[in-house]
Each structure stands twice: as structure tokens, then as C-alpha cells.
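S.K.: Quick one, what's the 3D model for this:
(chains A and B)
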Amino acid sequence: MAPADKSRRFSPMAHRDDLDAFRAEVRAWLQAIVPEGWFARSAGAPEGEYLAFQRWWFDELQKVGLATPHWPKDWGGEELTLRHQVIVSEEMVRAGAPNPDLFVISLYHLPATLFAHGSPAQRERYLKGVTERGEIWCQGFSEPNAGSDLASLRTRAERRDDIFVVNGQKVWSSFAAHADYCLLLARTDVNAPKKQAGISYFILDMKAPGVTVRRIKQMTGQSEFCEIFLDNVEIPAENLIGAENAGWMIAQSTLSAERGLIIFDLAERMHDAFQREIAAARVARPAWWEDDELRRAFVAHYGDLQALRLMIQRMLRELEANAETGASSLPPLIKVQWSELLRRHTDFWLKAGGLEAQKYSPPLTGGGHVTGNRLQDFMWSYSWTIAGGANEIIKTLIAERVLGLPR
Amino acid sequence: MSETDADIEELRASFRAVLEDAAGDIRRHVDAGAARCEPLCAKAAELGWFSLMTPEAFGGLGLGRAAAAALYEELGRVIAPLPMMGAMIATEIIAAHGDAAQKAAWLPRLAAGEGAALSASGVAPNWDDSRFAAGALTGHARELLDSDAAALLVVAAREGDAARWVLAAADGVTVETEELVDRTRGLATARFDNVQGAALTADPDIVASDVLTHASLAIACDSVGGAKAVLDLTVAYLKTREQFGKPIGSFQALKHRCAEHKVAIEAADALVQEAVAHWARNDPGVALLTPLAKALACDVYAAMATDAVQLHGGIGFTWEHVCHLYLKRAKLNQALFGGSAAHRDLAARLLLAA
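M.R.: You can find the predicted model right below:
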């Protein structure tokens, strides 16, 4: 391999009309930019370092157009096709590049919401806030008594002329402690005939008076999740997204936002981890390879992963042919297949790892979900079986909407 | 071959139309335990299904593996008792590895629907059960699939120390059929006492690998078709069967199981289709994908069919209902040409070797 030329300027977008050249340029850029050993160094690093690293990485992505490649050009994106995005993702995995975890809501959920339902002024202000100032967003959906039954949320937003006054409590908001803004769901009509019909969707400035964020220490030892307390917080009416009381419908587009592409990236990272384990086993067979049950479980998971990657490809083809939401019935199936495979496979590594896997080592962040820190990986698998709709909710949805079973 | 996806879907629709009309034949065949499923078998021969993969020079349709895979999936949907696998595998290996005389002798007969049997015992052939010397077979061949009324026996044998694939006419050979619990397929043991045969000259390991790939994908496609059909059947039942004053399909415990089967079947389908695509274009990647697909599809089908009986309740346990036929075929599919553990071990060896 030729040494990376770190001095030259990289421009993948200049090659967008030629997929091979585009891939080559992304690869060359990654080779020059991804710091060697970043992953190992991130283990147990202080939070300040993690945040600085995430910001640095976001800026680097931004410089070559790869932070928001999926956004329309009018909003600072590159309007890349799904095929381009898949190439970018494949190359990121190949290079072992970090994920911009801190910016997931900013990069996926915010645009999915504003493109479809935001006002021109909101798009101008907040999308550029992401592309030009790297603003961090969090999501204020769940509440202590509204998890899977999200429509039961009780955070109240009362209109007083040009403002809404908000009171209530949100929970499980990732990175809320670092966020500049929040996508907030709150009840604006307590007398609506259906609980879904009285909910509105807001942009909340996290620096507004009355907003208090408290971190939640997770079973992993980390504190990514937060509680958000809202005490007479004033939100200007111009920060209402879409029509008053139309928030539930808008939230559906946020929830389905690009989940497929995020899972695509994680599945590719898992595949990469498999390839590395197999390559290592060729050099020296690990003890578990000689155990029939474990070896067969490993191979079964490998097959399940290939099936998952093919389901994702199928979904991408369906979405490429028809970008309408709902054009593919696969997203909920993919969520279940991915999350349950992640649980099984991270559990496999615990079994294969024996007592060694029980020993504490500092968590790694930003590297996907099969990092080699076995117990940490296993615990993190819950983030996919619970977050974004617990699998039990998703299975009910599959049964009713895909199989047509009665409610 | 160069059939487009649209061609394959058109073929699939034509297979399905014929097979959906054959439900009565299939039921009568199962209930009577009859030898060949008629008139379905005759109809299939007339429509050229047995000649799907036979080169046109030998009177066949000369279609590719993707077309065969579509047929296998459709046969699985209706648990069709057609001896298609033996005939198509024999056709493919004779067309690929046979000499001119072997092709001329067998391809037209197989294309006409005369049938061929071969051992379905495991992932590797039993070379040592039969001896081949001076053009004649002695010994026996066990667990021959599709032996009912088969004209040709494809036998793994030893000639000296070497492995050989031998083609022998079934005429005059003692074939003892073993009744299986699944009445849509049969197994038999053939005994050879100086039976005339002709060996394929090709590398026997390459032929063995072709046989296993074809058989594994045929069974995987059959399993995906069967699993989809029995899920549809179960969902339809849950929508109409009422208890406690409402359709039992509204109960969450049942919904979740159906959703889990749906996810698993979709996953198996994706993996099997990918393996078939590699097989159809002769891509070496088929070697690893095939055992993964066989194991996954058979396990998913067996889980679905097992649960289908439970979800149907008492009616699912009756002979009259069709559920048990899917369950029996699913269990047999898991065991034919080696179980899932054997296929995963095969995949494990390939992963390490690659």
C-alpha cells in the first residue's frame, strides 16, 4: 500500500459521476485522515476527549461533504444517491473510521422531520445550524410513563399568545447534556378525542430558562442517557413544527428516519468484525472453534448476518425504486433481525470468552456494537432491542401492518 | 443461462397456477399412500417440468438454475409429491459431466419424466457401500431419494480405491422402498448383484459437490416455499378462529410468534435467493452460501411448521388438516443430505479455508 498523501486536498464529490472513482477518493481520504489507533485510545478516555474527538470528526466529514451527503443541496447536503451512501458506509467500515454518534439526531432525525414538515425559516435556521455550526440535537419523546405507549405522554404545552409554556419531564434522551436543541413532543390538547390527536411537535432550545438536564448512569457505567425537566419553559410559537396537534403523525417520520441506513452501517461493521475473527482463526484456531456448539453458533450467526445484509440491500432497492415512506415493509423486520442477532451474537462472545470476558475493561465508544469489549457489547445490545420502539412493539406492528392480524 | 427476473416470475406464476389446481391430487396421494402422484406427475411431464434443465439438443427446455429454483420453491409451497429433485440433479450432472453415450442414453428419458434416484444420506456420499468392477455394480445403495418408478440410479461406488459415480438402469435391480412418515417423498435401498452400469469420468469430488449444492438449494427453496405457505395458512386461521369473543389473532402472544416467524422467513428467503443467484451464474461464492442457506431455511421452516400445529390447536393435530404435512416435510428436509449441524460444520471448514 502506498503511503497516504496527507497534504493533498480530497474531493470525493468531484468524482460523484463515476462510482469507482468516487469510492477510490473516499478510500484515499479515509486513509489519510483516520488517526491510527484512535479506537484503542478511546477506551476509557475522559468525556471531554470523546466530545472533542467527535467534533473534530464531524468537521472533517463536513469538509469533504460526507457529514450530510444524504441531504438536499439546498440545505448544504450533497443529495447523494443511496448507492453513493452505501459506498461511503462500506469504505468507513473498511477503514475502521469512527461513527459521528454525537450527531445522529442532528444528521438523521432532524432533517427527516424538517424536510417534510418544517417551515422555510426553520429549515434555514436549524439545518444550517448543523452544517455550518455543528449544532447537536437530542430527542425529547419518551417520558417516565410514556415509553412504548408514547402517545400517553403528559408533558404539557399551553399556548399564551406567541409562546407555548411547557411543563413536564422527558427521559432516555441520548446526549441531551451536550445538546443545543431538542426535538420535543408535548401535549397541546388534553381534550382531543384520541390521545394521539392532542400532541404537537416543537423545537426546544436547551439553553432556555427552566430546562434542567440530569444524567442517568446506565448499567454500562456510562451516562449517555439523560432526563430533561421542563419547568415553565417558554417556546416561541414559531418553533412549532407543522400544525398544532399534528405532532404524532410527524413523529412517525422521525422515528423511521434512516434507521435502515444506520443499521446498514452497523451490520457492515459486524461483518467486518466477523472477517477479522475468521482471519485470526485461520492463523490460530481459538479454543471455542473446537467446541461444536460454539462453532456452530458462530456459523449460524454468520449466516443470520448475511441474511440481514441481504434484507437491507432488498430494502435499499425498494426505496431506490420508490422513496415514499412505507414503500418497503422491511424496516421493522430488519430492526428485529438486527437487534436479536446482536443480542445472540454478543451473548455468544460472552460464552466463548469465559471468565476473561467478565473482567472489566473501559468501554469503547464510536466503533459500532461489536468492539471486542464483550460484556460491554452485550449490554449495549439492549439499546437496539429497546430504543426506537421496543421489539415487542415492533412485533405487534409487524403482525398488524405486515401480516394483517386484527388489532 | 440468461433468463431475466421477469421471465422467472412468469415461469413461477405458471408453476403456481398448475400446482394450486393439484391440491386434490396431492391430498389423495397422501391419504392413499400411493406410489406416484397422478395425474399431477403426468401433467408435470407434459408441461416439460422434468426437462427444465435439459439442454435443448436433448429435447429439453434448456432453462437455467434460477428457473429450477423457482420450481422447487413452488413445489414446496404445496408440498408436492413430485420426484423432481432426483431427476433434475441427475440431468444436471449427466449434462455437465457425462460422455456422449451417457447423455444420449439418459437425458431424453429423464426429460420425459422417467425419474432418477440418488442417495440423500448426508453431506458426503457413501462411497464404500457399492463396488464397481468391469462395468458392473455389487453391494447396495442406501437412502435413495425419488426412487419410486425411477428409471435411473445414480450410485456412489468404489472402483479399486477410487471413488466413482455410476449410472445404472433401475430395471432388474432390487429396490426396497422404505415408507417415510412424510408421504410426499420416499427413500429406498437398492441391492446390486452384478448390475451393469457406466461410470462418469469426471472428478468424483466435483460431481459430489455439484450434487450436494443442487440438492441443498433445492431443499432450501422447498423450505422457503413451505414456510411461507404455512405462515399464510396460520395467519388466515388466526384471523377467523374466535375464542373469548374475538379472533385469536388479536392476542399479542400469538401475534408476536407470527411476527418472529415472518422475520425469520424473510431472512431465510433473502439468503436462499442470494445463494441461488450465485448458483445460477456459477459464482464460486455459492460454496459457502449454500450450506448456510440450507441450514437456515430448513431450521426456519421446521420452527414455523412446528408452531403452526400449535397455533392451529386441536384441528392442527388432525390428519384431515394440512398442517401436519408441512411439519413432516419440514422435518424431512432438515434431515435430507445432512442436517443443519453438518452443514454449519461444512461452512465452518470453508470459512477457515477461504
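
S.K.: where in the stretch 101-250 of chain A is pLDDT low?
M.R.: By pLDDT under 70, the stretch 101-250 of chain A has no low-scoring segment.

S.K.: Could you look up the SS state of B:A190?
M.R.: Of the three states, B:A190 takes strand under DSSP: H, G, I helix; E, B strand; the rest coil.

S.K.: contacting residues around it?
M.R.: Contacts for B:A190 (CB atoms under 8 Å, 6 or more residues apart in numbering or on different chains) come out as B:117, B:140-141, B:144, B:147, B:153, B:155, B:170, B:173-176. Heads up, the C-betas are built off the backbone N, CA and C, glycines and all.

S.K.: got the phi/psi numbers for the residue nearest to B:G48 when sequence neighbours are not counted?
M.R.: In this structure, B:G48 finds its nearest non-sequential neighbour in B:L61, 5.4 Å apart by CB to CB, 6 or more residues apart in numbering or on different chains. The phi/psi pair for B:L61 (degrees, to the nearest 10) reads phi -90, psi -20.

S.K.: neighbours of the closest residue to chain A within the stretch 51-200 of chain B, just the number please.
M.R.: Closest to chain A within the stretch 51-200 of chain B is B:V123: 13.8 Å, counting by CB to the nearest CB. Around B:V123 there are 17 other residues, counting by other CB atoms under 10 Å in any protein chain shown.

S.K.: Ok, B:A330 next?
M.R.: As a burial measure, B:A330 scores 28 neighbours (other CB under 10 Å).

S.K.: of the contacts of B:A190, closest to A:G147?
M.R.: A:G147 has its nearest neighbour among the contacts of B:A190 in B:L144, at 57.9 Å by CB to CB.

S.K.: Assign a three-state SS to the closest one, would you?
M.R.: strand.

S.K.: What strand or helix carries the residue nearest to it when sequence neighbours are not counted?
M.R.: Spatial nearest neighbour of B:L144, chain neighbours left out: B:A117 (4.1 Å); criterion: CB to CB, 6+ apart. Per DSSP states H and E: B:A117 is located in strand B:116-119.

S.K.: Doesn't A:V166 belong to a strand?
M.R.: Yes: when three-state DSSP is applied, A:V166 is found to be in a strand.

S.K.: mind checking the SS state of residue 218?
M.R.: Reading this off chain A. Assignment for A:Q218 (three-state DSSP): coil.

S.K.: Ramachandran coordinates for the nearest residue to it once chain neighbours are set aside?
M.R.: Setting aside the residues directly before and after it, A:Q218 is nearest to A:F225 in space (CB to CB, 6+ apart), at 6.0 Å. A:F225 has phi and psi values of phi -70, psi 150 when expressed as degrees, to the nearest 10.

S.K.: rewinding a little: partner strands of the strand holding B:A117, parallel or antiparallel?
M.R.: Partners of strand B:116-119 in the sheet, by DSSP bridges, are strand B:136-145 (antiparallel), strand B:152-159 (parallel).

S.K.: Quick one, grab the pLDDT at A:T365.
M.R.: pLDDT for A:T365: 65.

S.K.: repeat for B:G249
M.R.: For B:G249, the pLDDT comes out at 97.

S.K.: same question, B:L63
M.R.: 93.

S.K.: pretty sure it is in a strand, no?
M.R.: No: if the criterion is three-state DSSP, then B:L63 is coil and not within a strand.

S.K.: burial count for B:L336?
M.R.: 23.

S.K.: And for the one 4 residues further on?
M.R.: The local packing of B:S340 (other CB under 10 Å) involves 21 other residues.

S.K.: Is it correct that it is in contact with B:Q334?
M.R.: Yes: in this structure, B:S340 is within contact of B:Q334 by CB atoms under 8 Å, at 6.4 Å.

S.K.: Report the set of residues contacting both of the two.
M.R.: B:298-299.

S.K.: helix, strand or coil for the residue nearest the centre of chain A?
M.R.: For chain A, A:V104 is the residue whose C-alpha lies nearest the centre (CA atoms, centre = their mean; 4.8 Å). Recorded secondary structure, A:V104: helix (three-state DSSP).

S.K.: Secondary structure element holding the closest residue to B:T91 other than its chain neighbours?
M.R.: Excluding the flanking residues, the one nearest B:T91 by CB to CB, 6+ apart is B:L110, at 4.9 Å. Using DSSP H and E, B:L110 falls within helix B:100-111.

S.K.: all strands of the chain, in order?
M.R.: You didn't pick a chain, so chain A it is. A:137-140, A:156-160, A:163-174, A:181-187, A:199-205, A:211-215, A:225-236, A:240-241 (DSSP state E).

S.K.: You answered for a different chain; I wanted chain B.
M.R.: Using DSSP E, the strands found in chain B span residues B:116-119, B:130-133, B:136-145, B:152-159, B:162-169, B:174-178, B:187-199, B:242-243, B:246-247.

S.K.: can you count the residues close to the spatially closest residue to B:A104 that is not a sequence neighbour?
M.R.: What sits nearest to B:A104 in space, not counting adjacent residues and going by CB to CB, 6+ apart, is B:F58, at 7.7 Å. For B:F58, the tally of surrounding residues (other CB under 10 Å) stands at 19.

S.K.: got a list of what B:F58 touches?
M.R.: Contacts of B:F58 (CB under 8 Å, 6+ apart): B:95, B:103-104, B:107-108, B:111.

S.K.: rerun at 10 Å
M.R.: The contact partners of B:F58, taken as CB atoms under 10 Å, 6 or more residues apart in numbering or on different chains, are B:51, B:91, B:94-95, B:103-104, B:106-111.

S.K.: Among those, which pair sits farthest apart?
M.R.: B:S51 and B:A104 (15.0 Å).

S.K.: Which of those two has more residues huddled nearby?
M.R.: Each of B:S51 and B:A104 has its neighbours counted (other CB under 10 Å); B:S51 has more, 25 against 12.

S.K.: Pretty sure that one sits against B:G113.
M.R.: Yes: contact criterion CB atoms under 10 Å: B:S51 and B:G113 qualify, at 8.1 Å.

S.K.: joint contacts of these two?
M.R.: B:45, B:87.

S.K.: contacting residues for the residue nearest to B:L288 when sequence neighbours are not counted?
M.R.: Nearest residue to B:L288, sequence neighbours excluded (CB to CB, 6+ apart): B:L350, at 4.8 Å. Residues near B:L350 by CB under 10 Å, 6+ apart: A:299, B:287-292.
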